[in-house]
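Visitor: no sequence for this one, just the structure:
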């Protein structure tokens, strides 16, 4: 019979959680499926996905976990004195277990963050210490009632606090979002040195903070993220952002409308380039942030403009038209 897990505080570590954590400390890891009976271990940060294999959970050293929890509780000293004593009681026997299988105690170069709450908390902590510049790549707008909308509630105050300290924020979007009401409304609420530009195609989402730490997705639905502190990797991300930035079109605070060339819009030029490469409608739509129906409307307009009667002929006519030559210039 399956026993339902009852919510509890970390100082009241449940029997299932204590047993699984002890096993992870002794064996070096447990499989993610085994954490279902004790989800509290992930919530409390006692287990985390391994960088090499996200289906494997590794234990955080008890001393490291204890230090982090005590630091948080220290902010509420008046109410948390008794809780600190109980935490120590829980972790003292665990700290006597050999730590040769635990993660290193120094700050890791790459950390896997699990869950939007933990991801947002990590970004907020990094931004609270930042003083210079935040670089961000955003590839989707918030959806009503969705995870992104909830994240915006957290993001706006922390962005404004950073701007109030004299920091600078630069953001890259896909062209499909340059007129998005939710995106533009966000910038109307911020005061400070903020600039946004757009491109047809971008990499996945990215946050680079003061050139010291970066955050990027580790899965498709955004429930896992990587926190990267390795200087070479963070430097690579910053350089990539800067190269995109130089190619991008300003959209905030002053928007610049990309010019049409020979009656072909910039969006249609981007689609033409992907058509010549042989991509399907679905791939073209995904790469440019469009739905398939909109992509097909643009393809049909290109065919009409160039007098094409078939997909194969359209690629040939695009090559002859000079559309892509104009785009490279």
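Guide: Thanks, I have it. This structure is a prediction, so every number in the text was calculated from the model and none was measured. Numbering: from 1, shown residues only.
Visitor: neighbours around residue 131, how many?
Guide: Residue neighbour count, defined by other C-beta atoms under 10 Å, stands at 9 for residue 131. Just so you know, the C-beta spots here come from the backbone N, C-alpha and C atoms, and that holds for glycine as well.
Visitor: can you tell me how far it is from residue 209?
Guide: From residue 131 across to residue 209, the span is 10 Å (C-beta to C-beta, to the nearest Å).
Visitor: cool, and residue 287?
Guide: Distance from residue 287 to residue 209, counting by C-beta to C-beta: 27 Å.
Visitor: more neighbours, these two?
Guide: Neighbour count, other C-beta under 10 Å: between residue 287 and residue 209, residue 209 has more, with 21 against 17.
Visitor: OK, contacts around that one?
Guide: Going by C-beta atoms under 8 Å, 6 or more residues apart in numbering, residue 209 touches 123, 126, 127, 130, 134, 215.
Visitor: do that again at 7 Å, thanks
Guide: 126, 127, 130, 134 (C-beta atoms under 7 Å, 6 or more residues apart in numbering).
Visitor: look at residue 163 and say how many residues are nearby.
Guide: Neighbours of residue 163 using other C-beta under 10 Å come to 17.
Visitor: name the element it belongs to?
Guide: Residue 163 belongs to helix 147-164 when assigned by DSSP states H and E.
Visitor: and the helix or strand just after that helix, which strands flank it?
Guide: Later in the chain than helix 147-164, the nearest helix or strand by DSSP H and E is strand 168-174. Sheet pairing of strand 168-174 (DSSP bridges) gives strand 133-137 (parallel), strand 193-199 (parallel).
Visitor: go through strand 168-174 and flag the buried ones.
Guide: 169, 170, 171, 172, 173, 174 (16 or more other C-beta atoms under 10 Å).
Visitor: ok, now how distant is the second one from residue 299?
Guide: This means residue 170. Relative to residue 299, residue 170 is positioned 33 Å away (C-beta to C-beta).
Visitor: the third one too?
Guide: Per C-beta to C-beta, residue 171 is found 29 Å from residue 299.
Visitor: so what's residue 68 up against?
Guide: If you count contacts by C-beta under 7 Å, 6+ apart, then residue 68 has residue 45 around it.
Visitor: give me the subset of the contacts of residue 209 lying in strands.
Guide: Those of these mapping onto strands are residue 134, per DSSP state E.
Visitor: any idea how far apart the tips of stretch 51-62 sit?
Guide: The first and last residues of stretch 51-62 sit 20 Å apart, counting by C-alpha to C-alpha, to the nearest Å.
Visitor: buried ones in that stretch?
Guide: By 16+ other C-beta under 10 Å, the buried positions in stretch 51-62 come out as 57, 58, 59, 60, 61, 62.
Visitor: any chance of those residues in TSV with distance to residue 43 and secondary structure as columns?
Guide: Shown next, in TSV, are the buried residues of stretch 51-62 (distance: C-beta to C-beta, whole Å; DSSP: H, G, I helix; E, B strand; the rest coil):
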residue	distance to residue 43	secondary structure
57	13	strand
58	16	strand
59	15	strand
60	13	coil
61	18	coil
62	17	helix
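Visitor: any weak-confidence spans in the stretch 1-150 of the chain?
Guide: 1-3, 74-81, 98-106, 140-150 (pLDDT under 70).
Visitor: which residues in it form strands?
Guide: With strands called from DSSP state E, counting those that start in this stretch, the stretch 1-150 of the chain shows them at 30-31, 47-49, 56-59, 110-114, 133-137.
Visitor: could you pull out the strands for the stretch 201-329 of the chain?
Guide: Taking DSSP E, counting those that start in this stretch as the criterion, the stretch 201-329 of the chain carries its strands at 206-209, 213-217, 224-228, 249-252.
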